[in-house]
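Student: With the sequence up front, the predicted model follows.
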Amino acid sequence: MNPSRKRVERLAPWAAVAVLVAVWEMLVRLFDVPSFIFPSALETAQALLTYSGPIAAHSWQTLWTTLIGFGIGVAVGLVLGFIIGSSRFLYNACYPLLVGFNAIPKVAFVPILVVWFGIGSIPAILTAFLICFFPIVVNVATGLATLEPEMEDVLRVLGARRMDVLLKVGLPRSLPYFFASLKVAITLAFVGTVVSETVASNQGIGYLMMSAGSQMRMGLVFAGLIVISAMAMVMYELFALLEKRMTAWAHRGQPC
């Protein structure tokens, strides 16, 4: 790829953000929207600076809570995905149940988790887990279930057992599916954590936003939204980089 074109593509997201912020500021000023309804970009930036200490503390709470829930989701999703994907019978039996479970709004679980575990970090961790493990299960199971029958037949003729085929061929072949699911799951995990924090916590960005909203400090609310987005984007890019490093062979035909 042309170096100048590559440089332009790298700058494109930043340019898009700059345009979005400029349009945001212009519209608020043009229509003279009160700050307690929709703050300007400048007011949001001022809130970020003014409340940087509390925002940082609550952001750290949200981040580690999300990562723990995400880690549990990865472990459970990988194991369940392997079990379901290794058997056509289990795939057909369990897939509808997983879809039905995923269709339940996870916010509906928060009151139950509060009754079981009380207000705090545990409901947030479990909500993050419940909302993020589904794409991991589905992608890993799909990667294993779609292993070409011809390839499996050849390996079986060469003396490979079913478990050998799954571990030495199926799992490596599922890596692109797995890493793709991680990028989706980490953003969903943030959603689960923040939803739980708004209802069942006295810490975290979700709690901070609810407190600020009740006091009509909308600049701080929007600052919280920006921080959540920034954390999710950083984690997404981290897993995208990890995906490139670990599954470069699956993307070798694509332009760089």
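Tutor: Yep, it's here.
Student: low-scoring pLDDT stretches of this protein, where are they?
Tutor: Along the chain, the model assigns pLDDT under 70 to residues 1-3, 148-160, 162, 164-167, 170, 249-256.
Student: Mind doing that once more with 90?
Tutor: 1-17, 25, 28-38, 81-111, 114-115, 117-121, 138-180, 198-203, 213-216, 239-256 (pLDDT under 90).
Student: for it, longest helix please?
Tutor: helix 52-85 (DSSP state H).
Student: who are the neighbours in contact with the closest residue to Met210 other than its chain neighbours?
Tutor: Nearest residue to Met210, sequence neighbours excluded (CB to CB, 6 or more residues apart in numbering): Thr198, at 4.9 Å. Heads up, the C-betas are built off the backbone N, CA and C, glycines and all. Residues near Thr198 by CB atoms under 8 Å, 6 or more residues apart in numbering: Gly206, Tyr207, Met209, Met210.
Student: where does Ser35 land in three-state SS?
Tutor: Under DSSP: H, G, I helix; E, B strand; the rest coil, Ser35 falls in the coil class.
Student: Grab the nearest non-local neighbour of it.
Tutor: Glu43 (5.5 Å).
Student: Correct me if wrong: the one you found contacts Gly219.
Tutor: Yes: assessed by CB atoms under 8 Å, Glu43 is found in contact with Gly219 at 4.4 Å.
Student: shared neighbours, the two?
Tutor: Ser35.
Student: Now do the strands in the chain.
Tutor: With DSSP state E, there are no strands along the chain.
Student: just to revisit the earlier point, neighbour count for Glu43 and Gly219, which is higher?
Tutor: Ranked by neighbour count (other CB atoms under 10 Å), Glu43 and Gly219 place Gly219 first, with 23 against 18.
Student: Can you name the residues that contact the more buried one?
Tutor: Counted by CB under 8 Å, 6+ apart, Gly219 has contacts Ser35, Pro39, Glu43, Thr44, Gln46, Ala47.
Student: Need the residues you listed in a markdown table (columns: distance to Pro96).
Tutor: Formatted as a markdown table, those follow (distance: CB to CB, whole Å):
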| residue | distance to Pro96 |
| --- | --- |
| Ser35 | 48 |
| Pro39 | 45 |
| Glu43 | 48 |
| Thr44 | 44 |
| Gln46 | 50 |
| Ala47 | 46 |
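Student: now, which of those residues sits nearest Val184?
Tutor: Thr44 (27.3 Å; CB to CB).
Student: The nearest residue to the closest one once chain neighbours are set aside - how many residues pack around it?
Tutor: Among residues not flanking Thr44 along the chain, Phe222 sits closest, at 4.5 Å (CB to CB, 6+ apart). Residue neighbour count, defined by other CB under 10 Å, stands at 23 for Phe222.
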